[in-house]
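Visitor: I would like the atomic coordinates for the input below:
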Amino acid sequence: MTANGSIWRWLKFSAVGAVGVAAQLAALGIFHGLLRLDYLTATALAVEAAVLHNFAWHDRWTWRDRTGPRGGAAARLVRFNLSAGLVSLLTNLALMRWLVGTHHAPYLTANLASIAAASMVNFLVGDLFIFRGPKHPTM
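Guide: Numbers count the residues shown, from 1 in each chain. Down below sits the predicted model:
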């Protein structure tokens with residue numbers, strides 16, 4: 001991939017992520033603010049909602065050129081959940097526990113910080129593992 005292609009893919013990833021942030025914050029607001037679930041339970045559910053949202057868009061748009069027959073969409077979804085999803089879940093839960101549980105930060109603000117912390121790792125996981133392209137022969 002060219003430098004321009006990598007930048008374009010990063011921009012797509014970021015656009016999907018921005019909408020995913022809104023989806024996660026909305027879900028967190030519903031689960032914790034409206035339904036009164038514990039903030040860590042609500043965070044886990046909100047993260048999974050955002051993971052599913054982001055996978056659908058990454059699969060159809062960000063890495064559309066790499067979604068060939070390698071196991072199909074179901075296999076990519078499993079890989080996405082076990083890698084980027086797990087990174088997001090663990091990062092969000094750990095930082096939410098620290099920021100909200102220890103420092104009493106507002107839960108939506110703390111969640112934004114948690115999302116930002118996991119973003120770059122998730123791009124690399126997506127690009128190098130979940131949606132990796134075909135191997136190129138060495139010269």
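
Visitor: so where do the strands sit in the protein?
Guide: Using DSSP state E, no strands are found in the chain.

Visitor: Work out which residue lies at the spatial centre of it.
Guide: Nearest to the geometric centre of the chain sits Val51, at 5.0 Å (C-alpha atoms, centre = their mean).

Visitor: what residues are up against that residue?
Guide: For Val51, the contact set (C-beta atoms under 8 Å, 6 or more residues apart in numbering) comprises Phe80, Asn81, Ala84, Gly85, Ser88, Leu89. Glycine gets a C-beta too; all of them are placed from N, C-alpha and C.

Visitor: Repeat that for Trp63.
Guide: Trp63 touches Arg9, Gly126, Asp127, Ile130, Phe131, counting by C-beta under 8 Å, 6+ apart.

Visitor: Of those residues - the most surrounded one?
Guide: Gly126 (26 neighbours; other C-beta atoms under 10 Å).

Visitor: Could you check how far that one is from Leu35?
Guide: Between Gly126 and Leu35 the computed distance is 30 Å (C-beta to C-beta, to the nearest Å).

Visitor: repeat for Met96
Guide: Met96 is 17 Å from Leu35, by C-beta to C-beta.

Visitor: More neighbours: which of those two?
Guide: Met96 (24 against 11).

Visitor: And for the residue nearest to Trp61 when sequence neighbours are not counted, the neighbour number?
Guide: Leaving out its chain neighbours, the residue that sits closest to Trp61 by C-beta to C-beta, 6 or more residues apart in numbering is Lys12, at 6.0 Å. By other C-beta under 10 Å, the residues close to Lys12 number 16.

Visitor: now swap in the one 3 residues further on and tell me
Guide: The number of residues packed near Ala15 is 13, by other C-beta under 10 Å.

Visitor: Relative to Ala118, which of the contacts of Trp63 is nearest.
Guide: Closest to Ala118 out of the contacts of Trp63 is Gly126 (11.7 Å), distances taken as C-beta to C-beta.

Visitor: so what's Leu25 up against?
Guide: Ala46, Leu108, Asn111, Leu112.

Visitor: What of Asn122?
Guide: Here Asn122 is in contact with Gly17, Ala84, Val87, Ser88 (C-beta under 8 Å, 6+ apart).
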